[in-house]
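> just to be clear, the model below is a prediction. Sequence and coordinates:
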Protein chains: 2
Amino acid sequence: MAANFLRSGKKILAIGRNYLEHVKELSNQVPKEPFFFLKPTTSYVVSGGKVEIPKGTVVHHEVELGVIIGQGGRDISSQHAMSHIAGYALAIDMTARNMQDQVKKKGLPWSAAKGFDTFTPISEFIPAEQVPDAHNLRLWLKINGETKQDGTTADMMFRIPRLIEHVSSIMTLEEGDLLLTGTPSGVGPLVPGDAITAGLELPDGSKTLAELSLTAVQREGGYAFAP
Amino acid sequence: MAANFLRSGKKILAIGRNYLEHVKELSNQVPKEPFFFLKPTTSYVVSGGKVEIPKGTVVHHEVELGVIIGQGGRDISSQHAMSHIAGYALAIDMTARNMQDQVKKKGLPWSAAKGFDTFTPISEFIPAEQVPDAHNLRLWLKINGETKQDGTTADMMFRIPRLIEHVSSIMTLEEGDLLLTGTPSGVGPLVPGDAITAGLELPDGSKTLAELSLTAVQREGGYAFAP
Ligand SMILES: [Mg+2]
Ligand SMILES: [Mg+2]
Ligand SMILES: [Mg+2]
């Protein structure tokens, strides 16, 4: 069941550079077609939990709309893509930014920099019927009560049907897979002790679809990044 | 059950550049610590199946020893690592080499270049008890009967316990996860119609632990790589 994606889902596909203001803030190039990376489902952490900051890393928050696949498929056309969506979730694509900067320079994979345990805070499942228009939602993130990201999914450069068409032309999608759709601008670092809150709302503020609340802590043990 | 990893497993972690001769043949740098990327389990294909070559891509074979995790864990020390192994498998880490070359230059993720459907041919599960020494196995791959890769797992630069220690210091391992341990030299392209065979044997040739037999075909539809 897609509603149980947290346990049953096998993959997380995360789109990069899908909001123009975010592309600019990191001095990246605007992509000509969507691109994505994989995150492991072992990186999920639910609201109320802790986000661990691995030793030596600078961890950035990226608040994102998550799309949860219902009926899987391959070569799903953009015309049929929305019917493959079971629901949505609010997610944060945590990123060890200094590791990512280094692997980008070296031409190495992003998997570790994006895939640490607790690097994908995730809300409850939101049934698709509760979302009138996935391309018109407000997404925000605060650190210690201060707003850092406040965007709208209306600003996605590649919209959800195109993203599903693209990823399913490369890898088969399965029920419970999560597609992260990119982050608006305002990404920045967390430090241990930070309180992270985030929300997904209807654009007029009349309804909150999901909220997240987490605390940043130092990871004990584990990998230490030494640039 | 780890023996059912093909269906139940959630992730594939693939180590890069773990055999010196292979590092040299691609003019890459020798890594100071292991590095890895994720492949989706939707890339599995069993013996007798077809390996699809996506449009516009040059697909290389990389024959590898796969390690299947039994008891999962986090921060598994190299001392305890072997007890977390349920078994082994013979695998081929198919790679869209021209896509990978491009994303390496651009600092983009490897996920698509490594993650197409059918890009992880995989043998039956080999129980750990049947493998006297995982670091002393012969691995070979032939195209149309001609030997292309013929190596020994004795040549791994980072050995299996170190690999498990490394990856589990970044992401929790779960039962059924597959760890690909890198490829010996001799990688090269496939073309549609090629017959691919591969084997995993005891070093004295007294026993074949696993065999693979696949046919390369052109992928119909799907993503087209345009460099
Ligand atoms: Mg992101
Ligand atoms: Mg990657
Ligand atoms: Mg490989």
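Thanks, I have the structure now. Note that the structure is a prediction, hence the values are computed from the model and not measured. Ligands and ions are numbered 1, 2, ... in the order given.

> around the closest residue to ligand 2 within chain A, how many other residues sit close by?
Nearest residue of chain A to ligand 2: A:P109, at 3.6 Å (Cβ to the ion). In short, each C-beta sits where N, CA and C put it, glycine included. By other Cβ atoms under 10 Å in any protein chain shown, the residues close to A:P109 number 27.

> go ahead and confirm it touches B:F35.
Yes. Counting by Cβ atoms under 8 Å, A:P109 does reach B:F35; the two are 6.8 Å apart.

> next, show the common contact partners of these two.
Contact with both A:P109 and B:F35 is made by residues B:G16, according to Cβ atoms under 8 Å, 6 or more residues apart in numbering or on different chains.

> that older thread, mind telling me what element the residue of chain A closest to ligand 2 is part of?
Counting by DSSP states H and E, there is no helix or strand that carries A:P109.

> and if you look at A:W140?
For A:W140, the element it lies in under DSSP H and E is strand A:138-143.

> could I get the buried residue list for that strand?
A:138-143 (16 or more other Cβ atoms under 10 Å in any protein chain shown).

> and stretch A:141-161, by the same measure?
Of all the residues in stretch A:141-161, those buried under the rule 16+ other Cβ under 10 Å are A:141-143, A:148-149, A:151-153, A:155-161.

> interface residues of chain A facing ligand 1?
Contact residues, chain A versus ligand 1 (Cβ under 5 Å from the ion): A:62, A:93, A:183.

> three-state assignment of the last one?
What DSSP: H, G, I helix; E, B strand; the rest coil gives for A:T183 is coil.

> dump the residue contacts of A:K11.
Here A:K11 is in contact with A:38, A:41, A:171, A:174, A:177-178, B:10, B:40-42 (criterion: Cβ under 8 Å, 6+ apart).

> longest single strand anywhere in chain A?
Ranked by number of residues, the top strand in chain A under DSSP state E is strand A:208-218.

> in its sheet, what does the next helix-or-strand element following the strand holding A:W140 sit against?
Using DSSP H and E, the next helix or strand after strand A:138-143 towards the C-terminus is strand A:146-152. If you go by DSSP bridges, strand A:146-152 pairs up with strand A:138-143 (antiparallel).

> got a pLDDT number for the residue lying closest to A:M94 once chain neighbours are set aside?
With sequence-adjacent residues excluded and distances taken as Cβ to Cβ, 6 or more residues apart in numbering or on different chains, A:M94 is closest to A:F119, at 3.9 Å. Listed pLDDT for A:F119 reads 98.

> and for A:F119, the neighbour number?
Other residues near A:F119 come to 26 when the count uses other Cβ under 10 Å.

> residues touching it, list them.
A:F119 touches A:39, A:43, A:51, A:59, A:93-96, counting by Cβ under 8 Å, 6+ apart.

> just to revisit the earlier point, which pair of the buried residues of stretch A:141-161 spans the longest distance?
A:I143 and A:P161 (32.8 Å; Cβ to Cβ).

> closest point of chain A to ligand 1, which residue?
Taking Cβ to the ion, chain A has A:D93 as its residue nearest ligand 1, at 3.5 Å.

> quick check: closest non-adjacent residue to that residue.
Nearest one to A:D93, counting by Cβ to Cβ, 6+ apart, is A:E62 at 4.2 Å.
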